[in-house]
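Q: curious how this folds, go ahead:
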Amino acid sequence: MGLLKFFTKEKKESLDKGLEKSKDNFFSKLNKAVVGKSTVDAEVLDDLEEVLITSDVGVETTVKVIDRIEARVAKDKYLNTNELNRILREEIAGLLSENNTVDLEDFSIPEVEGPYVILVVGVNGVGKTTTIGKLAAQFKAIGKNVILGAADTFRAAAVDQLIMWGERVGVPVVSKGMNTDPAAVAFEAAKRGQEENADVVIIDTAGRLHTKVNLMNELSKIKGVIQKFIPEAPHDVMLVLDGSTGQNAFVQAQEFTKATNVSSLAITKLDGTAKGGVVIGISDQFQIPVKYIGVGEKVDDLQIFNKTEFVDSFFKN
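A: Numbers count the residues shown, from 1 in each chain. Now for the predicted structure:
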């Protein structure tokens with residue numbers, strides 16, 4: 001399925017609407033920065049730097065973008081402020097295209113021996129369990145057999161919420177209740193996935209950013225028991241981040257990537273915030289694929305992240 005087919009009119013509208021607050025906030029600041037100015041000069045670049053940083057793009061990524069625009073100013077000598085939106089769009093798109101990550105085209109999964117296992121990590125409150133439920137629904141919609149594992153056993157709401165999502169989307173949930181060994185749940189989920197020839201096993205894990213040593217030990221234990229049935233698993237360790245927390249999402253990404261081998265990201269709650277610029281910074285700085293973004297409450301509002309589509313929506317005015 002090609003991108004043109006996957007990004008239907010409805011999905012584009014959902015993405016545009018989900019980024020509306022971020023876009024309005026960004027352009028409000030940008031317009032103030034260039035008011036009364038006709039050319040892109042040092043003062044405009046200083047103001048632009050502040051706009052990007054306060055839009056949660058992040059300092060490192062902001063510096064890269066400003067450096068690129070400064071190079072264009074030096075080369076072209078005269079850049080009209082009316083062109084700033086187009087230039088920003090081009091340079092950010094160019095920056096993201098260089099991060100060596102490949103955009104997914106749909107919710108399909110790689111061919112592997114046995115079930116494709118996704119281990120999901122992230123702190124409480126970021127939308128981790130909801131993301132798992134929506135992802136399960138998307139996989140099921142394309143004909144995949146999905147099993148969920150409720151291994152976030154330190155919070156009763158997480159177990160109950162995952163069971164509720166399982167019932168809602170019609171996929172089985174392996175659960176041993178609260179205050180049980182997360183690795184035991186992961187063991188049963190992997191075992192059942194192997195025995196029932198599941199296509200995908202998604203395992204929810206503890207939503208606590210405790211000490212890195214404890215986190216590493218817990219995840220290592222979970223990985224160890226999964227590999228008794230599926231030696232190559234987990235195939236994906238997905239970190240879920242709340243886009244509405246802005247710079248705090250960067251901090252969480254730093255902590256989790258130090259503690260475990262995170263291989264993909266999902267960034268949620270972009271529709272309720274003006275901090276959508278965080279997706280640009282995280283995608284650039286961590287060089288880890290942002291696979292999914294959440295732009296609304298509906299199941300279909302968990303979307304594939306495509307760099308080009310995202311930048312187009314963010315800069316559409």
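Q: which parts of the stretch 101-250 of the chain are strands?
A: Counting by DSSP state E, counting those that start in this stretch, the stretch 101-250 of the chain has strands at residues 116-121, 146-150, 173-174, 200-204, 236-242.
Q: format those strands as JSON lines; extra columns: mean neighbour count, distance to F314 and mean pLDDT.
A: Placement of C-beta: from N, CA and C, glycine included. Listed next are those as JSON lines, based on neighbours: other Cβ atoms under 10 Å; distance: least, Cβ to Cβ, whole Å; pLDDT from 0 to 100:
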{"stretch": "strand 116-121", "mean neighbour count": "26", "distance to F314": "26", "mean pLDDT": "96"}
{"stretch": "strand 146-150", "mean neighbour count": "28", "distance to F314": "31", "mean pLDDT": "97"}
{"stretch": "strand 173-174", "mean neighbour count": "23", "distance to F314": "36", "mean pLDDT": "98"}
{"stretch": "strand 200-204", "mean neighbour count": "29", "distance to F314": "29", "mean pLDDT": "97"}
{"stretch": "strand 236-242", "mean neighbour count": "24", "distance to F314": "17", "mean pLDDT": "95"}
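Q: can I get those strands in JSON lines with distance to K75?
A: Shown next, in JSON lines, are the strands of the stretch 101-250 of the chain (distance: least, Cβ to Cβ, whole Å):
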{"stretch": "strand 116-121", "distance to K75": "44"}
{"stretch": "strand 146-150", "distance to K75": "52"}
{"stretch": "strand 173-174", "distance to K75": "57"}
{"stretch": "strand 200-204", "distance to K75": "48"}
{"stretch": "strand 236-242", "distance to K75": "36"}
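Q: wait, which of those is closest to Q194?
A: Each of the strands of the stretch 101-250 of the chain has some distance to Q194 by Cβ to Cβ; the shortest is strand 200-204, at 8.6 Å.
Q: now what about that closest one, what contacts it?
A: 109, 115-120, 128-129, 132, 135-136, 139, 144-152, 158, 162, 185-186, 189-190, 193, 222, 226, 230, 233-234 (Cβ atoms under 8 Å, 6 or more residues apart in numbering).
Q: swap the cut-off to 6 Å and go again
A: 115-120, 129, 132, 139, 144, 146-152, 162, 186, 189, 193 (Cβ atoms under 6 Å, 6 or more residues apart in numbering).
Q: also stretch 306-316?
A: In contact with stretch 306-316 (Cβ under 6 Å, 6+ apart) are residues 7, 15-16, 19, 23, 89, 92-93, 96, 103.
Q: how about the nearest residue to T180, chain neighbours excluded?
A: Distance criterion Cβ to Cβ, 6 or more residues apart in numbering; nearest residue to T180, sequence neighbours excluded, is T153 at 4.9 Å.
Q: nearest to L48, of the strands of the stretch 101-250 of the chain?
A: strand 236-242 (25.5 Å).
Q: now for the closest one, which elements pack on it?
A: strand 116-121, helix 247-259, strand 264-268 (3 or more Cβ pairs under 6 Å, 6 or more residues apart in numbering; DSSP states H and E).
Q: how far is the longest one from where the chain is centred?
A: Using Cα atoms, centre = their mean, to the nearest Å, the mean C-alpha position of helix 247-259 is found 13 Å from that of the whole chain.
Q: relative to strand 236-242, how tilted is it?
A: 160 degrees (axes from the mean of the first three to the mean of the last three Cα atoms, to 10 degrees).
Q: verify the contact between L104 and I304 for me.
A: Yes: using Cβ atoms under 6 Å, L104 is in contact with I304, at 4.8 Å.
Q: what touches both of these two?
A: By Cβ under 6 Å, 6+ apart, L104 and I304 have no common neighbours.
Q: could you list the low-pLDDT ranges of the stretch 51-200 of the chain?
A: Under the criterion pLDDT under 70, the flagged ranges of the stretch 51-200 of the chain are 77-78, 100-102.
Q: and the helices in it?
A: 59-76, 84-97, 128-141, 156-169, 182-195 (DSSP state H, counting those that start in this stretch).
Q: buried set for the second one?
A: By neighbour count on 16 or more other Cβ atoms under 10 Å, the buried set for helix 84-97 is 84-85, 87-88, 90-93, 95-96.
Q: dump the residues you listed to TSV, plus distance to E60.
A: Formatted as TSV, these follow (distance: Cβ to Cβ, whole Å):
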residue	distance to E60
L84	21
N85	22
I87	20
L88	17
E90	19
E91	15
I92	13
A93	18
L95	11
L96	14
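Q: pick the one among those closest to V35.
A: L84 (11.9 Å).
Q: and the residue nearest to G125 when sequence neighbours are not counted, how far from D236?
A: Leaving aside its chain neighbours, G125 sits nearest to D242 (6.8 Å; criterion: Cβ to Cβ, 6+ apart). Using Cβ to Cβ, to the nearest Å, we find D242 at a distance of 20 Å from D236.
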